[in-house]
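Q: no sequence for this one, just the structure:
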């Protein structure tokens, strides 16, 4: 019995609401994580994502035998995500696997061109940090005695350079003027590939696994590029990329790896004079627009399709507008119950704020003041006529409409568009504000009436400041679960029994 | 900085220690807890209040008649022909809005207590306005109530600039807990609203004597217009006042209510109207926090007593 009583005492409304608030926070937190991770939503409204269109053009001369082309391709889920890929190869059978595409065809003759196109977008988080299982220790290269001596000499020379073992070697080989030992070790006409091979060998001698990586630099509108070569070495538990000229670690900005390790970039059977050229095209879109495609990539298509982001754009815009309401309502609740300002009508300030967002602050305020002034003047005339309530308000509504109409016409003639923003004010609400202000004016004097209008405007401005911020508007739309959190915050506010700010002043005389 | 702040603002802690009841606390802990919504019409509609009051033996000004529809408006001359003076009120009005007092009338001319002359047309217009909801709480269609004019006791004559002061009792769970009277001033335009500049006089709940008088939140000793000594007020028939307040609880079952009571020279205290959301200005007039008084009632006052027993208990209760 006592337990039951205690339980009942524990489960007060406030307690239950607090629990609900925590649950809704957790839920919203999970959803935000989910949306960021799988749909690629971001917190900045206009965050741009680069989309790269990389086209590989494989050309060769067919020799009449059955053709088999195998081209290395970037893996998705690496530092760049593949949005879309397609192959333009008429008559070829296409098979796309994780890291290669293979095209097969019966024998042909003459010049052949095959295109492989991928759409990639930045996945900034993954860049250059590829954890991988440790590779097997490299086989020690077999050197002759003299070679071994040179090798050791090179390694000891390299140790005078800065950086880790790989960087030391790269820097040694790129030194100008080069060390005599280095010159002796290198072939006369060194290609980047030769250099990479030599360094790789030297690393293997020291027991460090390394492999070659081919990739291309993503640069806008670049056509016909040869892939760049980089060295990847397994250091400190992960594969690290090294620039072969500077020794810099990490993936260069806008660089995409197409192929790794010993496998070739392109294998062709049934042709000769094969060549692969890359071209890159950059386009920009907001992260938000990519959400659907990202969802598809992460197998979350179904969830995305049943979300508000899959609605027609017009409806999405309406919902975007609706999603800001709860926050505005919270502001009103705080203004009234925590600060304690008495405003005209509960949600009137919110509606004024909504209108201000559409009109812009200054034009909106000018319009508001003009409509209010003219409206109050007309209403003052009406009060002499002793009209009945509903016809009187209706007459005020008509007058407000006429005022707005003339404001539009006047400001157009003056070449300003301030007047046209008057149209965004809710007409009925304006009529009620005028009615209410006029009654307060008559009953409690102009001072109280103006005070009420000013308080309403203050509340409207407070609401405006929050809802005019496009980042906040975007966040409330993109992470609309936050509205659930707001719901419980508002409900908790309903159990707030503390003093209002204005009461601290009102009851001041009661405290010594 | 802080000194300036504390000159104009009280700290929440200080208010709490003084037992001041705030608006949020009033609404959440008392009104929504003790006042059932479906009982509001009993107090919001003066016709219902009057009928119910009669059942519970509470005196109210006698009802002359009600006018519900526009076509009945012209009947009002017939209704009042036997009454020298009468009052027209909106059934759903509040705060004295739309109350028209007619002291005397002959043929088609009507006189208010201040001597203003009104024609039949003026009255007709006023009744039409009332019916259309001009004076009612939410602006909805309303009923006009015609009742006898209270023959006010002259006790308060010196204390009020215009209008008739009434006694406001705050009744909590059947116990009158706090009382005040509001005196109109020239500054308040002859109206009895404290925020408009009327004088609020806190009355001792056991004796009906002045505790403190305030105007615009500041203590005063004399009425600004009549210069009467406000500390000398002692409401006669105080126990009867309390009894009306206590009975109002049985009548409405509202745990937190305000009862407005006037003193008739012949019939004694009469209930004018009840309020399901009485304001908090009574605290300022009394200089006492309502919160701690309500807490005391919760803790020490016996429940399930009859109204008479409650008033008896209240008068004999000694604060520990």
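A: Looks like it came in fine. Remember, it's a predicted structure, so these values are computed and weren't measured experimentally.

Q: Could you list the low-confidence segments of the stretch 151-300 of chain A?
A: Applying pLDDT under 70 to the stretch 151-300 of chain A flags residues A:187-189, A:219-225, A:253, A:261-263, A:287, A:297-298.

Q: Closest residue of it to chain B?
A: Using CB to the nearest CB, the point where the stretch 151-300 of chain A gets nearest to chain B is residue A:288, with a distance of 40.4 Å. Where you see a C-beta, it was placed from the backbone N, CA and C, and this is true even at glycine.

Q: So that residue, which state does it fall into?
A: Three-state assignment for residue A:288 (DSSP: H, G, I helix; E, B strand; the rest coil): helix.

Q: Might one say that it is in contact with residue A:479?
A: No. Residue A:288 lies out of contact with residue A:479 (CB atoms under 8 Å); the separation is 11.9 Å.

Q: shared neighbours of these two, anything?
A: Residues touching both residue A:288 and residue A:479 (CB atoms under 8 Å, 6 or more residues apart in numbering or on different chains): residue A:41.

Q: circling back to that earlier point, count the neighbours of the residue of the stretch 151-300 of chain A closest to chain B for me.
A: A count of neighbours around residue A:288, defined by other CB atoms under 10 Å in any protein chain shown, yields 19.

Q: now residue B:197
A: 17.

Q: now residue A:352
A: 28.

Q: do the same with residue B:169
A: 27.

Q: Can you tell me the closest non-neighbouring residue to it?
A: residue B:245 (3.9 Å; CB to CB, 6 or more residues apart in numbering or on different chains).

Q: any idea whether the one you found is helix, strand or coil?
A: helix.

Q: Quick check: residue B:49 is in a helix.
A: Yes. Counting by three-state DSSP, residue B:49 is found in a helix.

Q: Against residue B:40, how distant is it?
A: Residue B:49 is 11 Å from residue B:40, where distance means CB to CB, to the nearest Å.

Q: Over to residue A:155?
A: As judged by CB to CB, residue A:155 and residue B:40 stand 94 Å apart.

Q: low-confidence ranges in the chain?
A: I'll assume chain A. A:1-2, A:10, A:76-80, A:122-136, A:187-189, A:219-225, A:253, A:261-263, A:287, A:297-298.

Q: actually chain B
A: For chain B, the ranges with pLDDT under 70 are B:1, B:95, B:137-139, B:320.

Q: neighbour count winner among residue A:155 and residue B:40?
A: A direct count of neighbours by other CB under 10 Å for residue A:155 and residue B:40 places residue A:155 higher, at 17 against 14.

Q: Over to the more buried one. Which of the three states is it?
A: helix.

Q: That one against residue A:207, yeah?
A: No. Judged on CB under 8 Å, residue A:155 makes no contact with residue A:207 at a distance of 11.7 Å.

Q: How much space separates the residue nearest the centre of chain B from chain A?
A: Closest to where the C-alpha atoms of chain B average out (CA atoms, centre = their mean) is residue B:260, at 2.7 Å. As judged by CB to the nearest CB, to the nearest Å, residue B:260 and chain A stand 19 Å apart.

Q: what sits against residue A:248?
A: Counting by CB under 8 Å, 6+ apart, residue A:248 touches residue A:242.

Q: can you list the domain ranges for the chain.
A: Using chain A here. Listed by automatic domain parsing, the domain ranges of chain A are A:47-127+A:218-224+A:256-310, A:130-217+A:225-255, A:317-495.

Q: The intended chain is chain B.
A: If you go by automatic domain parsing, chain B breaks into B:10-42+B:154-316, B:62-148.

Q: need the helices for chain B, in chain order.
A: Under the criterion DSSP state H, helices of chain B are mapped to B:2-8, B:12-17, B:23-25, B:32-34, B:40-44, B:46-55, B:76-79, B:120-131, B:238-252, B:281-286, B:290-300, B:307-316.

Q: And for the stretch 51-200 of chain A?
A: Per DSSP state H, counting those that start in this stretch, the stretch 51-200 of chain A carries helices over the ranges A:145-158, A:165-174, A:180-185, A:192-205.

Q: now swap in the stretch 401-512 of chain A and tell me
A: Ranges of helices in the stretch 401-512 of chain A, per DSSP H, counting those that start in this stretch, are A:427-467, A:470-478, A:482-493, A:501-506.

Q: Report the distance from the last one to the chain centre.
A: Between the centre of helix A:501-506 and the centre of its chain there are 44 Å (CA atoms, centre = their mean, to the nearest Å).

Q: Nothing else from me, thank you.
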